[in-house]
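Chemist: Would you be able to build a 3D model of this:
(one chain, ligands or ions: 1)
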Amino acid sequence: MRPSFRAPGFYGQELAPTLDLHTHDEGAIRRVLKNIEYPDRGRINLHIYNLPYNMSEFYNGIASSQLNDKMQGPTGFILLGRCTSIPLAMTEFVLPHEMGHCYQYRYMPDWGKDGKDKAWKTWLKMMGIVEKSRNDSHVRHHESPREMFANTFRIMFSPYQHEFWPHKAKHPLKVKGLKAYLSKVLK
Ligand SMILES: [Zn+2]
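Modeler: You can find the predicted model right below:
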């Protein structure tokens, strides 16, 4: 099943409405979704919420990580609203980025017992990233390996903003065999 799209609406009590915020353009969302190459040939079931809510101007989207060790739980993400109108470039960036978090949580967990994080560790190694800690809350947001993965996914599986790689690690397109490896494990 292809990722589903839901119009703005009520999501949950943790996101209290703040202002009448601008949301992503629905036509832009559908166009971006169409242009993403799905590594699992569409078997992942994602719920995408486009909401006029936000908690801070720092966040553009939130992906769910409510999966347990058996990889069960909801998978999806919220595209958050902004005070100013949202340019197409932001939709092109945020959507495949948040989708990357969902694919990582579903298929390449960085948690769990019995080597469940094997694919995650292989990706780190291929990228030459040294993970400082599983709890990445103390590092700057952009430098956390999960953020680097979300951008790796965007660059590998969407046609958008390949030049935007705000990390010290090497650019994913320069890593030999990476796309083939990710295509194999993300399903
Ligand atoms: Zn992110």
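
Chemist: Would you map the helices across this protein?
Modeler: 26-35, 88-107, 118-127, 145-157, 178-185 (DSSP state H).

Chemist: got a list of contacts for the third one?
Modeler: Pointing back at helix 118-127 there. With contact meaning CB atoms under 8 Å, 6 or more residues apart in numbering, helix 118-127 is reached by 104, 107-110, 130-131, 145, 148-149, 152, 169-170, 172, 175, 177-178, 181-182, 185. Heads up, the C-betas are built off the backbone N, CA and C, glycines and all.

Chemist: of these, buried ones?
Modeler: Among the contacts of helix 118-127, the ones that count as buried by 16 or more other CB atoms under 10 Å are 104, 107-110, 131, 145, 148-149, 152, 169, 172, 175, 178, 181-182, 185.

Chemist: Contacting the ion as well, which ones from the residues you listed?
Modeler: For the ion, no contacts are drawn from the buried ones among the contacts of helix 118-127 by CB under 5 Å from the ion.

Chemist: ok, what's across the strand from Ile78?
Modeler: Beta bridges link Ile78 to Tyr49, Ile62, judged by DSSP bridges.

Chemist: Quickly note the distance from it to Ala63.
Modeler: Ile78 sits 8 Å away from Ala63, going by CB to CB, to the nearest Å.

Chemist: tell me the contacts of the residue nearest to Gln104 when sequence neighbours are not counted?
Modeler: Once flanking residues are discounted, Gln104 sits nearest to Phe149: 5.0 Å by CB to CB, 6 or more residues apart in numbering. Applying CB under 8 Å, 6+ apart to Phe149 gives the contacts Gly100, His101, Gln104, Met108, Trp123.
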